[in-house]
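In: predicted model, plus sequence, below.
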Amino acid sequence: MRIVHIADTHLGKRQYGILEREHDLYNAFDEAVEKIVRMKPDIVIHSGDIFDSYKPAPWTLLRAVNGIMRIVESGALFVAVQGNHDLGPSPEGGKDSPFPLLERIFGEKFVYLGKKRPSIEFGDVVICGIPYHPASMRKQLITSMEEVSKRAGNNGFRIMVLHQGISPFLVEYKTEIHKADIERFPFDYFALGHYHNRKEHSDGRRIYVYPGSTENIEEREVEESKEIGKGFFLLDTDGEKRDFVRLERIRPYHIIKRRISSIMGIDSLMDDVRRIVLSERIPPMIRIRASTREDLMDEINKAHKDLLDELEGRYLRILLDLTSEETDKIVEGASSLDIEVLLRDMFKERELERELGIEIYRAFREGKRGDDLRSFVMRKLERWLNEANIS
Ligand SMILES: [Mn+2]
């Protein structure tokens, strides 16, 4: 049996409110779909966060439907779980997502695993799955795993689809469960989503795999993804083979961190940016984070503007964040860790409030504005309201 494992396509996300970035994510998804259709797998597993919002725009929904349509028309079964981004509160109470609509469109060819339908069998493959659970619902998540693992049986290739952060695989990343919580369950392959850079772990028979997102969703994944790429996995359950299929048309993305203390430093920074821009075939996304002395700021801003004019048409954006070294004050949305320290101090052990404050602050610092910021804040707020109810 040949199975594609993909995750975190985040359709509809418009990074920094830049429309082209929304299209970049659709393009990455389309490239993945093209490759999948050519490979003719039996099953495509999506480990959650198909969408960036549980209320996708109509044009986002259309892109998703078009892609899934091509996959199911090529003969594959599409199996998914809901990620945190696919889920939101229903006005009737409980949770809602666009997945029932996809099921209505594709019938038996689109299966999402959850309470109503915890598993599916396909030949000698059993696929179980559970939608995203926040950390406050860890106990329920483990209970659900116990229930659903009874359906896994003893033969064939058994897959568990989860959209969770799992320690100790992920460091400096919010996790909901530990490997020790799940390793006793009888699965051969844990098809994971949520974490955005590719990660694989194997302990004897069990394999834990995050394929990562199909594009750079957040700035923190950029550095690593430059090395390891973005893409998805193709598994062959007969040969027990697993290949990473790298996407080739991803927008290049560079983050340049600098401390500038002289005019020469400005020149060398601009030279580096110019060299990077001119070396890329696809107009890159560039983010400069620089700290400097107050008296050099005008000079840097001017050099930046000149470079924008000079290279016009060769880049998507060259964003400059300048921090003053003397006052450590924020200039043009630049970062300062002091505010995070302040928030941590202010909320202390009130974890949910603290995370809410820090996440919103970080989004603002990373340049989210307008609609993008509004939908982000709304989503965090909704999640906070949900979790605050439970705990
Ligand atoms: Mn995600």
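Out: Good, I have the coordinates. Fair warning: this is a prediction, and the values are worked out from it, not measured in the lab.
In: ramachandran coordinates for Ala50?
Out: In this structure residue 50 is Ile, not Ala. phi -60, psi -50 (degrees, to the nearest 10).
In: my guess is it contacts Gly12. True?
Out: No: look at Ile50 against Gly12 with C-beta atoms under 8 Å: they stay out of range, at 9.5 Å. C-beta here means a position set from N, CA and C on the backbone, and glycine is covered the same way.
In: which one of those two is surrounded by more residues?
Out: Neighbours were counted for Ile50 and for Gly12 using other C-beta atoms under 10 Å; Ile50 has more, 32 against 22.
In: hmm, which helix or strand of the protein has the shakiest average pLDDT?
Out: strand 330-331 (a mean of 51; mean pLDDT, DSSP states H and E).
In: buried residues, the helix or strand just after that one. List them.
Out: Following strand 330-331 in sequence order, the next helix or strand is helix 338-347 (DSSP states H and E). By 16 or more other C-beta atoms under 10 Å, the buried positions in helix 338-347 come out as Ile339, Glu340, Leu343, Phe347.
In: again with stretch 311-331
Out: Applying 16+ other C-beta under 10 Å to stretch 311-331 flags 311, 315-324, 330-331 as buried.
In: output the contacting helices and strands for the helix or strand hosting Thr143.
Out: For Thr143, the host element (DSSP H and E) is helix 138-149. Secondary-structure packing of helix 138-149 (3 or more C-beta pairs under 8 Å, 6 or more residues apart in numbering; DSSP states H and E): strand 125-130, strand 157-163, strand 177-178, helix 179-182.
In: what helices or strands is the shortest one leaning on?
Out: Under the contact definition 3+ C-beta pairs under 8 Å, 6+ apart, strand 177-178 sits against helix 138-149, strand 166-167.
In: would you mind finding the most buried of these?
Out: Mean neighbour count (mean count of other C-beta atoms under 10 Å) peaks for strand 166-167 among those, with a mean of 20.
In: run through the neighbouring helices and strands of that one.
Out: So strand 166-167, by 3+ C-beta pairs under 8 Å, 6+ apart, packs with strand 177-178, helix 179-182.
In: for that strand, what is the distance to the chain centroid?
Out: Between the centre of strand 166-167 and the centre of its chain there are 16 Å (C-alpha atoms, centre = their mean, to the nearest Å).
In: can you tell me what sits against it?
Out: Thr175, Glu176, Ile177, His178, Lys179, Ile182, Leu192, Tyr208 (C-beta atoms under 8 Å, 6 or more residues apart in numbering).
In: swap the cut-off to 10 Å and go again
Out: 173-182, 190, 192, 194-195, 199, 201, 208, 210 (C-beta atoms under 10 Å, 6 or more residues apart in numbering).
In: also stretch 143-155?
Out: Contacts for stretch 143-155 (C-beta under 10 Å, 6+ apart): 113-115, 118-121, 124, 126-131, 133, 137, 158-160, 162, 177, 181-182, 184-188.
In: buried ones only from those residues, please, as a PyMOL command.
Out: This is the PyMOL syntax for the buried subset of these, where burial follows 16+ other C-beta under 10 Å:
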select buried, resi 113+114+118+119+120+126+127+128+129+130+131+133+137+158+159+160+162+177+181+182+185+187+188
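In: if I look at Ser261, how far off is the ion?
Out: 39 Å (C-beta to the ion, to the nearest Å).
In: wasn't Glu31 part of a helix?
Out: Yes: assessed with DSSP: H, G, I helix; E, B strand; the rest coil, Glu31 lies in a helix.
In: ok, the spatially most distant residue from the centre of the chain to Ser324 distance?
Out: Counting by C-alpha atoms, centre = their mean, the extreme residue of the chain relative to its mean C-alpha position is Asp295, 39.2 Å from that point. For Asp295, the distance to Ser324 (C-beta to C-beta, to the nearest Å) stands at 10 Å.
In: same list (the helices and strands packed on helix 138-149) but as CSV, adding mean pLDDT and distance to the ion.
Out: Shown next, in CSV, are the helices and strands packed on helix 138-149 (pLDDT from 0 to 100; distance: least, C-beta to the ion, whole Å):
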stretch, mean pLDDT, distance to the ion
strand 125-130, 97, 16
strand 157-163, 97, 8
strand 177-178, 96, 16
helix 179-182, 93, 19
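In: so how many other residues sit close to Tyr253?
Out: Other residues close to Tyr253 by other C-beta under 10 Å number 21.
In: please apply the same query to Gly153.
Out: Counted with other C-beta under 10 Å, Gly153 comes out at 13.
In: relative to the ion, how far out is it?
Out: Taking C-beta to the ion, one finds Gly153 at 30 Å from the ion.
In: ditto for Gly93
Out: 25 Å.
In: ditto for Asp52
Out: 8 Å.
In: around the ion, pick out the residues from the stretch 1-150 of the chain.
Out: Asp8, Asp49 (C-beta under 5 Å from the ion).
In: quick one: the strands in the stretch 1-150 of the chain, in order.
Out: Ranges of strands within the stretch 1-150 of the chain are 2-6, 43-46, 77-80, 88-89, 95-96, 110-112, 119-122, 125-130, based on DSSP state E, counting those that start in this stretch.
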